[in-house]
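1. Let me see the structure of the following:
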Amino acid sequence: AMIRAINFCIANDIMKDYLLDKGKEVFNMLRMEWNIDDALEAWKEEGIEKGIEKGIEKGEIKKSEKIAIKMLGNGESFNYIQELTELPLKRIEELANLIKN
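-> Residues are numbered from 1 along each chain as shown. Here you go, the predicted model:
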């Protein structure tokens, strides 16, 4: 497909001089830069990395929430819980309401 595109451009006087002079270079550059298998592998790896990061983040939040619930059960202040768990005060209030219900 790339060779046909280069030949089409030459035949239709689109960058003809440049492609006649550097056509092989252009082909090699395009072939090396865009390889569907490499692109798919890179996207897959990127997706896995993002998934792992999100999983770790969710795990840390769940752990902080469990600690906050225990601290709420022990009567600790919202501010103290927020300081230790780094959860937003609003979330600590929500957890406190869940415990009451």
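
2. Backbone torsions only: list them for Pro88.
-> Backbone torsions for Pro88, taken as degrees, to the nearest 10, come to phi -60, psi 140.

3. give me the element the closest residue to it other than its chain neighbours is part of.
-> Distance criterion C-beta to C-beta, 6 or more residues apart in numbering; nearest residue to Pro88, sequence neighbours excluded, is Gln82 at 7.4 Å. (Glycine included, C-beta is placed from N, CA and C.) Assigned by DSSP states H and E, Gln82 belongs to helix 78-85.

4. Give me the distance between that helix and the centre of its chain.
-> 30 Å (C-alpha atoms, centre = their mean, to the nearest Å).

5. again with stretch 8-20
-> Its chain's C-alpha centre and that of stretch 8-20 lie 40 Å apart, by C-alpha atoms, centre = their mean.

6. What lies in contact with that stretch?
-> Outside stretch 8-20, the residues that touch it by C-beta atoms under 8 Å, 6 or more residues apart in numbering are Ile6, Gly23, Val26.

7. Give me the buried positions along it.
-> Buried residues in stretch 8-20, counted by 16 or more other C-beta atoms under 10 Å: Cys9, Ile10, Leu19.

8. what about the helices in the chain?
-> Ranges of helices within the chain are 2-11, 16-33, 36-73, 78-85, 89-100, based on DSSP state H.
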